[in-house]
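Trainee: Everything below, folded, please.
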Amino acid sequence: MKYSQIWFLFWSFLISNTFADEKLVVSEIIFNGNSLLPDYELQSVIKLQSPKLFARSEFSPKKLNRDKISLEAYYKSNGFLNISITENYELVSKNYVNIQFFINEGDQYQLKEIHFFGNKLFSDEEIIKILKTPTNINFNPSKIRRQLKALKRNYLTRGKIDVAIMDEVIIEGINVIARINIFEGISYHIQSISVSDLVLVNEKYVLREILFQRDEIYNINKIDESRNRIFYSGLFSSVEIINKLINKKNGLVDIEIKVREYKSSSIEADIGFKESNYPHENLTTTGIDAQARWVMGNIFNTTANVEFTARIARSINLNIITDKPLIERDFTVVYRTPWTFYFRIPTRFEYFHKEASEQSVLKRDGLTYSLLFKQGKTTRYEFNSTLEIIKTNESLDTGKINEEDEQQRWMNVIYISNKIQNPLNPIGGQYFSFISTLYGTILGGERNLIKFEGEYRKYLRIQNNSVFAFRIVLGYIKNLETENDLTLPYNFQLGGQTSLRGWASGDKFEISSGANIIDMINLEYRFPIKNKFGGELFIDMGRLYETIDAFTTTSLSWDYGMGIIYHTGLGPIRIDVGFPYGELENRQLHASLLYMF
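Mentor: All right, here's what the predicted structure looks like:
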C-alpha cells in the first residue's frame with residue numbers, strides 16, 4: 001500500500017506535465033572557449049537552463065540575448081575587461097532548441113593598487129573600509145563605481161555638499177592601478193529652515209517631522225529621512241527639500257522645504273479573495289470579501305484621519321450548496337495618527353462590530369488601542385490592547401448582555417517580517433511572524449491564559465516558473481486556570497483546507513477538541529500546466545498534544561495529495577485532494593480560494 005501511494009503521486013505529476021504548452025524549450029546549452037570559468041559556474045548566471053527532472057526552460061531569442069548580456073557582465077565583474085561573447089541557437093526537433101555560446105575570454109585583470117588623492121576628512125585606511133574593495137583580487141570596475149557612490153554619500157553626511165570624486169584606471173600588463181581623485185570642498189552648516197507652499201496645514205506639522213536643526217552640520221541622511229517622514233505624514237502629495245547656498249565662503253546653507261498639500265479623503269469599494277476565521281481560532285477558511293471604505297483625512301488640518309469600513313464576506317468550500325457557509329459582517333471605525341504625544345509612534349484606536357454566522361450566530365463588539373512600529377518596508381511591530389464582548393445566540397434572542405455572554409480582555413505583541421515576492425502568487429522570498437497574547441489576569445475578563453504563535457514560510461523558485469514552498473507553524477498555550485480546561489476556540493486545531501488536507505475540517509480530525517500545543521509542516525511543489533492552469537503536489541504533517549513532555553511520544557499525523565489551480569485577477573482558485581497516510585481510499589476533496597500559504 002505504501003509504495004502504491006508513492007507511485008500514485010509520481011504518475012499524477014507526470015500526467016499533469018504532459019499537458020504543458022507546446023512552446024520552444026531548451027534541449028542543451030553548450031559553452032565554447034571558456035577556459036578559466038567552468039560550465040557549471042556560467043550555467044548558474046543565466047536564466048535559460050537545460051531540462052531537468054521536473055523543469056524545462058521556455059526559449060525565446062529575447063531571453064537568449066538577456067543571458068548573453070548577463071554572461072558578459074559576470075565576466076567583467078571577474079576581471080575579464082575584453083570579454084567577447086556571441087550566441088547561436090538551432091531547432092533540433094519540433095519543440096526543442098540547442099544553444100551555444102562562443103566565448104573569447106581575453107586576459108583576466110587584477111586590482112594591484114588603489115591610490116587616493118585630495119582626501120583630508122577621511123584617511124586612506126578609512127576610505128578603504130568604506131569602499132570594501134581589497135587589492136590583489138580580480139578587478140571589478142562596476143563594483144568600484146558603486147562603492148564610490150557610497151564614499152560620496154559619506155562625505156555628504158559630513159557637510160561636504162560640493163564634493164566631487166573621479167576615478168582613473170592605469171593598466172600595466174594584467175595589473176590595474178586605480179587612482180581616486182577627491183575634491184572635498186568646505187563643510188556647510190544649516191543657517192535657516194523654511195517651509196513654502198502651505199495653504200491650510202500648520203507649519204508645525206512639517207517642522208516636527210524634520211531631524212535636522214539650525215546651526216548643525218549638513219547631513220544628507222537626515223535630509224532624506226526627514227523628506228520621507230514629511231511625505232508619509234499623509235498631508236502632502238509631494239515633498240521637496242532644496243539646498244540654497246547663500247554663503248560659500250563661510251559654508252552656510254539655507255534649507256527650503258517645498259510641499260504640495262492634498263486632502264486625503266476618499267470613498268472606495270473593492271472585492272477580492274480573503275482568509276476568514278472565527279475569533280481566537282488558529283484555523284482559517286477562504287472566501288469572497290467585499291467592502292466599502294470612507295476615509296476622512298487631515299482632520300482639522302492635522303495628520304490624523306478617520307476611516308469607516310463596512311464589510312461582508314462569505315466562505316467558499318466544496319460543500320457550498322449543502323453546508324451553511326460562514327458569513328461575516330463587519331463595521332469598524334478607526335482613528336489614526338502618526339504621533340503619540342511627543343513621540344513619533346503611530347497610534348490607532350478602533351471600534352469594531354463583527355458578526356459571524358455558520359451553525360450559530362456570533363456577535364463581537366469591542367475597542368482596540370494599538371501602537372505601530374515599522375522598520376523599513378518589510379518589518380513591523382504592533383502592540384494591541386483589546387476589550388471585547390462576545391454574544392452568542394442566547395444573548396441575541398433577548399438583546400441583553402447576560403451571564404452567558406463572554407467578556408474578553410487581552411493584549412498582544414506582534415512581530416511580522418514579510419519579504420514575499422508577489423504575495424498573491426508567491427514566487428520567492430520568506431515570511432516570519434510571532435504573536436504573544438495575554439488573556440485576562442491583571443486585565444480582567446473571563447479567560448486567563450498566555451498564547452504563543454509562530455509561523456515561517458519560504459518560497460524557492462525553480463525552473464519553468466515552478467515554486468517549492470514550505471511552512472512551519474508552532475503554537476503553545478499556558479492555561480493559567482488549573483481548575484478549568486480550555487475549550488474551543490482557544491485551543492489549537494488541525495485539519496481542513498488550510499491545515500492538514502487529509503481531513504475535512506478540525507471537527508473531523510483525530511483530536512477534534514483541539515490541544516494546547518501544535519506543530520505543523522506543509523510542503524508544496526507548484527508548477528504551471530497550461531495558460532492559467534497550474535498544479536501542485538503537497539505533503540502536510542502535524543501534531544496536537546497537551547504538555548511539552550509529550551513532544552517525544554506524540555506521533556505525527558500526515559497526508560499527501562495533489563491539486564489543480566486556476567489563476568484569476570482576484571487570486572488563485574484551487575481544488576485539492578488529500579489522502580491521510582495509509583488510507584488511500586479515504587480521500588478528502590477541498591475547493592478553496594488563494595494558496596494555502
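Trainee: Only C-alpha atoms from now on, for both contacts and neighbour counts.
Mentor: OK.
Trainee: Show the end-to-end separation of stretch 575-587, please.
Mentor: 13 Å (C-alpha to C-alpha, to the nearest Å).
Trainee: what does that stretch contact?
Mentor: The contact list for stretch 575-587 (C-alpha atoms under 8 Å, 6 or more residues apart in numbering) reads 1-2, 5, 501-503, 557-565, 588-592.
Trainee: For ChimeraX, what selects the buried ones among the residues you listed?
Mentor: With 16 or more other C-alpha atoms under 10 Å as the criterion, this ChimeraX line picks the buried residues out of these:
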select :5,501,502,503,557,558,559,560,561,562,563,564,565,588,589,590,591,592
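Trainee: So which of the contacts of stretch 575-587 are in strands?
Mentor: Among those, the members found in strands (DSSP state E) are 557-565, 588-592.
Trainee: Which of these sits closest to Met166?
Mentor: Ile565 (54.6 Å; C-alpha to C-alpha).
Trainee: so who does the closest one touch?
Mentor: By C-alpha under 8 Å, 6+ apart, Ile565 lies in contact with 533-536, 572-575.
Trainee: same thing but at 6 Å, please
Mentor: With contact taken as C-alpha atoms under 6 Å, 6 or more residues apart in numbering, Ile565 is in contact with 533-535, 573-574.
Trainee: ditto for Glu355
Mentor: Per C-alpha under 6 Å, 6+ apart, neighbours of Glu355: 328-329, 362-363.
Trainee: Just among these, which is most surrounded?
Mentor: Highest neighbour count within the contacts of Glu355, by other C-alpha atoms under 10 Å: Glu328, with 22 neighbours.
Trainee: That one: what secondary structure?
Mentor: Three-state call for Glu328 (DSSP: H, G, I helix; E, B strand; the rest coil): strand.
Trainee: hey, what's it bridged with?
Mentor: Here Glu328 sits in beta bridges with Ala313, Ala356, going by DSSP bridges.
Trainee: Would you confirm that it contacts Arg311?
Mentor: No. Between Glu328 and Arg311 there is no contact under C-alpha atoms under 6 Å: 7.8 Å.
Trainee: distance of Lys363 from Ile257?
Mentor: Using C-alpha to C-alpha, Lys363 is found at 49 Å from Ile257.
Trainee: With Arg344 instead?
Mentor: 20 Å.
Trainee: Between these two, which is the more surrounded one?
Mentor: Ile257 (21 against 14).
Trainee: Pull out the buried residues from the helix or strand that one falls within.
Mentor: Take DSSP states H and E as the rule and Ile257 turns out to sit in strand 252-261. Within strand 252-261, the residues that qualify as buried are 252-259, 261, counting by 16+ other C-alpha under 10 Å.
Trainee: of the residues you listed, closest to Lys391?
Mentor: Glu261 (44.7 Å).
Trainee: wait, what's in contact with Thr379?
Mentor: 416-417.
Trainee: So what does it have for phi and psi?
Mentor: Thr379 has phi and psi values of phi -120, psi 140 when expressed as degrees, to the nearest 10.
Trainee: From Leu372, how far off is it?
Mentor: Distance from Thr379 to Leu372, by C-alpha to C-alpha: 11 Å.
Trainee: low pLDDT regions in the stretch 251-400 of the chain?
Mentor: 277-279, 318-325, 358-360, 393-400 (pLDDT under 70).
Trainee: go on, the chain?
Mentor: Residues of the chain meeting the criterion pLDDT under 70: 1-22, 53-55, 277-279, 318-325, 358-360, 393-404, 463-464.
Trainee: Relative to Leu367, how far out is the closest residue in space to Val92 that isn't next to it in sequence?
Mentor: Residue nearest to Val92 in three dimensions, not counting chain neighbours: Asn98, with 6.6 Å by C-alpha to C-alpha, 6 or more residues apart in numbering. According to C-alpha to C-alpha, Asn98 and Leu367 sit 65 Å apart.
Trainee: What is the burial count for His115?
Mentor: 12.
Trainee: I figured it hits Ile177, correct?
Mentor: No. His115 is beyond contact range of Ile177, at 7.7 Å (criterion: C-alpha under 6 Å).
Trainee: how about Tyr155, secondary structure?
Mentor: From three-state DSSP, the assignment for Tyr155 is helix.
Trainee: Skipping adjacent residues, who's closest to it in space?
Mentor: Per C-alpha to C-alpha, 6+ apart, closest to Tyr155 is Val163, 7.0 Å.
Trainee: How about the contacts made by Phe31?
Mentor: 100-101.
Trainee: One more pass at 7 Å, please.
Mentor: 39, 100-102 (C-alpha atoms under 7 Å, 6 or more residues apart in numbering).
Trainee: Helices along the stretch 201-350 of the chain, start to end?
Mentor: In the stretch 201-350 of the chain, the helices defined using DSSP state H, counting those that start in this stretch lie at 204-207, 220-231.
Trainee: same deal with the chain?
Mentor: 2-18, 39-43, 61-77, 124-131, 141-156, 204-207, 220-231, 393-398 (DSSP state H).
Trainee: Asp519 is nearest to which of those?
Mentor: Each of the helices of the chain has some distance to Asp519 by C-alpha to C-alpha; the shortest is helix 2-18, at 24.2 Å.
Trainee: Give me the buried positions along stretch 175-192.
Mentor: Buried residues in stretch 175-192 (16+ other C-alpha under 10 Å): 175-182, 184, 186-191.
Trainee: What of stretch 418-433?
Mentor: So for stretch 418-433, counting by 16+ other C-alpha under 10 Å, buried means 418-420, 424, 426-433.
Trainee: So what sits opposite the residue nearest to Val92 in the bridge?
Mentor: Beta-bridge partners, per DSSP bridges, of Asn98: Glu28, Glu90.
Trainee: number of nearby residues for it?
Mentor: 18.
Trainee: Against Leu91, how distant is it?
Mentor: Asn98 is 7 Å from Leu91, by C-alpha to C-alpha.
Trainee: go on, Thr392?
Mentor: Separation of Thr392 from Leu91 (C-alpha to C-alpha): 69 Å.
Trainee: Likewise for Gly542?
Mentor: To Leu91, Gly542 is 49 Å away according to C-alpha to C-alpha.
Trainee: neighbour count winner among these two?
Mentor: With neighbours defined as other C-alpha under 10 Å, Gly542 and Leu91 compare such that Gly542 has more, 21 against 14.
Trainee: Throw the contacts of Ile565 into TSV and include distance to Lys76, thanks.
Mentor: Listed next are the contacts of Ile565 as TSV, based on distance: C-alpha to C-alpha, whole Å:
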residue	distance to Lys76
Phe533	41
Gly534	39
Gly535	40
Ile573	45
Arg574	46
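Trainee: Out of the residues you listed, which comes closest to Val201?
Mentor: Of all these, Val201 sits closest to Ile573, with 46.6 Å by C-alpha to C-alpha.
Trainee: Quickly list what the closest one is bridged to.
Mentor: Tyr566, Leu593.
Trainee: Surely it and Gly563 touch.
Mentor: No. In this structure, Ile573 is not within contact of Gly563 by C-alpha atoms under 7 Å, at 10.3 Å.
Trainee: who are the neighbours in contact with Leu148?
Mentor: Taking C-alpha under 7 Å, 6+ apart as the test, what Leu148 contacts is Leu131.
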